[in-house]
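[1] Make a model of this:
(chains A and B)
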Amino acid sequence: MSTFMPARNCLCYSSPAKGGWSIVRVSLLVPESYQLFVGSPACMRHIKLSCMSLGTGDRVSCLFPEESDVVSGSYETLIFDGACDLLTHLVKKPKVLMIFVTCMDDLLGTDHEAFLAPLRKRFPGVRTIICHMNPLMAESDMPPGVSIHDKMYGLLDPVEEKERAVNFIGNHIAYPEQNELICHLKEHGFSTYHVSQFHTFQEYQRMACATLTVVAAPPALYAARRMEERLGIGYAGATPVYTYDEIDGIYQNVCSYLDIPAVQSKEQRERVDERLKRLREVLCGRPVAIDHGATYSPFSMARLLLDHGINVDTIYITECPAYEKENAAAIEKYGVELIRPEVFVPMKYRRKRDSVCIGFEAAYLEGSPYVMTLSADDDLFGYEGIMMLADRMEDAAIHAMELQELIDDHVLVV
Amino acid sequence: MKELSMRLPPFAGDYSGVASTLFLMGGLVVIHGSDGCIGNYAGYDEPRWYGSDSMVLYSELREIDTVLGNDEKLMRQIEEAVKIQRPAFICIAGTPVPMIVGTDFKGIARAVEQRTGIPSFGFPTTGFSLYDTGVSSALCAMVERFCTPAEKEPGTLNILGADAIDFCTGKAVRSIKECCRLHGFRVIASPGMDAGIENIRCMARASCNLVISSGGIKAAEYMKKTFGTPYLIDIPVGEKAAERTFACMEEKEVPRVLMPADNGEGNILILGEAVTSHAIRRYLIEDCSMDGVTICTLFTPVKETMNENDTTATCEAEIEAVINGKNWRVIIGDPLCRQLIAPGRDADFVEVPHIAISSKLYWNSHIDPVTFSLKTVKEEA
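    Have a look, this model is predicted:
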């Protein structure tokens, strides 16, 4: 097996289990924010419906230009009028209005300032910004997943004084308090901040006071760089990883920056070794499949599990990210099959087996009801994250689930 | 402001209508756009997506290909795809970005057909128009291309406009077919729900067409002009109304529409698709002896089914104005429309979900119009 995956040029299949947190859902983490989507009805339908499923439909509205608006040049005027109408109608004014433009906006060469400036003047208490929902740019330097983090943290204003605090950005869910890094930081007098813990926009501004930003996902790296430039907050890359040396490397960076003693990981490693041994016994050689929607580091996760005798035999992934090349090379000896989930496979050739699947898409493509639901690593981080991984894998191995219900409950969005 | 929607989601779009109509016909449907475009259709407009084997794929359009007009890439992608599994036909549907750069879908389809030898169709859908325009275009294209002249068989009919966005996963259409059978009619084809190309080839044998949604009208008109097949726009809801439906389909001159015997301005409002709303109204008047039923069509209107009190609404603001413009006693419509009722209004709301509005939020509660009954109205009212 080679981890080299040649460039593809095929029509793509979108499985019912594809998707995760949309950029809309991510950006709604900013408290007291409201979103106005501008585009064709077809583009925005799944956004509004998914927000309604999540109970946040009252924070999202849609503005539909007609084709004639797009070609006649009245598009900017329409956006201005629509935003004014919206802000006038809203009883509780938001602190932030995010105007999301879609793919076609990139082609139109829209002058956003033409409506942003007068909007800000008319509604001075509302910070109005432009955001992009433009998968057309997915392979550019600024895909939507990257730009949205920059937009969110670009709302933080510079402050004079810093606190003994560490931001975590990029992860959708705050890491649990019992995580060893969080505990270690607290022991040394550092608070930890995640956007989800703030209830008002004013409170959210506390993230500008932090000393360090821990970047918990690759799409947030650009935002962290910009935070360093604008706010003087340094950053450390910390995409969730699963091998011990990688975890220790992240902790070392963080502690070094903060000038605090390193996290002692010997006991953690022993604890995790023991737990994975028990997991191996429970799984008893059953195949395990991982999908790239479940974790940013599928090869790292696979390497951890394989090195502990767990039979990961499939990874569903489109392309091996550069930061995973070493792990990908390390697991070659195990003969893991790499399958592109976007390649259409007729039903008669699809798998149907009782593998233990990490991620929704892996479960769907394996035809297996044994699924550990995970999206973009969720709250898994560090050694504590591996303990949680093991617990959830064991639970998944025992309990067959209705995958379609799980997909609906988790409101996956492409 | 009519362009602004604060509570209702946008309605299902035209390329969803195309894909939904062709979903089970054994073809390759290509949505020429990015993954968000297909995510919208597959995730929210296609109740049959989970577990399906249909070849509905997307081109993963990127900026560079759009700007350079790289249609060749799309054509090569299609050529590769048909090597995996040879489809009965190929369809390419547009999305907003190709519309902006003026992509020639019909031209691409011609080139694809030349290269692959497979019948190919291009639909210049844009994502701005409603799903029923996509249903109409796709259905008509299939009928025009594959339906061949044949001698008429008495007592047979086709069901036109049976798409999943109007009728969900098929239970409703099966009810309609069963109703046809009970009234002595055999259904030759119901494209959009369970008919493949071979069924479509035989459609001209039908003595009549039953058009159950606005998306089926254009195909019905084509068949009337080309094969002399008459059509009736209706859904057999209720006993008396259904008897009248099938009786008139056996007449020499089949009327396009059956209007209810009596209707004045009253206090029952139906919000929804034109043909379904019309059928429910006929049922309420002819089977339940109610009067004063008004329809507000939310999608493409069918003028022949409208009376002087009926209206259309194309956006949230207009729907809200209709709902609150009068003191309705009963409102029948998609559950999401309920939130538009102004506080203090007393109307009883009968939920009849429509996928083009509420999508998967309510598609497990989809109501079969054939079995829609006064009981449903009474339970809610």
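
[2] now the stretch 251-400 of chain A, which segments are flagged as low pLDDT?
    Counting by pLDDT under 70, the stretch 251-400 of chain A contains no low-confidence segment.

[3] Would you mind listing what in it touches chain B?
    Where the stretch 251-400 of chain A comes near chain B, counting by C-beta under 8 Å from any C-beta of the partner chain, the residues are A:342, A:344-347. To be clear about C-beta, it is placed using only N, CA and C from the backbone, and glycine gets the same treatment.

[4] repeat that for 10 Å
    Residues of the stretch 251-400 of chain A lying near chain B by C-beta under 10 Å from any C-beta of the partner chain: A:342-350, A:364, A:367.

[5] now those: which count as buried?
    A:342, A:344-345, A:364, A:367 (16 or more other C-beta atoms under 10 Å in any protein chain shown).

[6] Who are the contact partners of the residue in the stretch 201-350 of chain A that chain B sits nearest to?
    Per C-beta to the nearest C-beta, A:Met347 is where the stretch 201-350 of chain A lies closest to chain B, at 3.9 Å. A:Met347 is in contact with A:367, B:51-54, counting by C-beta atoms under 10 Å, 6 or more residues apart in numbering or on different chains.

[7] Give me every residue in the stretch 101-250 of chain A lying close to chain B.
    By C-beta under 10 Å from any C-beta, the residues of the stretch 101-250 of chain A that approach chain B are A:102-108, A:133-140, A:144.

[8] any idea how far A:Glu342 is from A:Thr318?
    Look at A:Thr318 and A:Glu342: by C-beta to C-beta, to the nearest Å, they are 6 Å apart.

[9] Please look at B:Thr66 and A:Pro135 and confirm they touch.
    No - B:Thr66 is not in contact with A:Pro135 according to C-beta atoms under 10 Å; the separation is 12.0 Å.

[10] Name the residues of stretch A:111-127 that are buried.
    Result for stretch A:111-127 [16+ other C-beta under 10 Å]: buried residues A:115-116, A:119-120, A:123, A:126-127.

[11] One more: stretch A:266-273?
    With burial defined by 16+ other C-beta under 10 Å, the residues of stretch A:266-273 counted as buried are A:268, A:271-272.

[12] Could you give the number of residues near A:Asp245?
    8 (other C-beta atoms under 10 Å in any protein chain shown).

[13] Just among the contacts of A:Met347, which is most surrounded?
    Neighbour-wise, those (other C-beta under 10 Å) top out at B:Ser54, 21 neighbours.

[14] ok, and the closest non-adjacent residue to that one?
    Counting by C-beta to C-beta, 6 or more residues apart in numbering or on different chains, B:Phe23 is the residue found nearest to B:Ser54 once chain neighbours are left out, at 5.2 Å.

[15] Could you check how far A:Asn286 is from A:Leu306?
    For residue A:286 the amino acid is Arg, not Asn. A:Arg286 is 14 Å from A:Leu306, where distance means C-beta to C-beta.

[16] Looking at the two, which one has more neighbours?
    Set side by side, A:Arg286 and A:Leu306 show more neighbours around A:Leu306, with 19 against 16, by other C-beta under 10 Å.

[17] after the strand or helix carrying that one, next one along is what?
    Element membership for A:Leu306, per DSSP states H and E: helix A:298-307. Downstream of helix A:298-307, the next assigned helix or strand under DSSP H and E is strand A:312-316.

[18] and that next one, which strands flank it?
    The strands that strand A:312-316 pairs with in its sheet are strand A:288-291 (parallel), strand A:337-339 (parallel) (by DSSP bridges).
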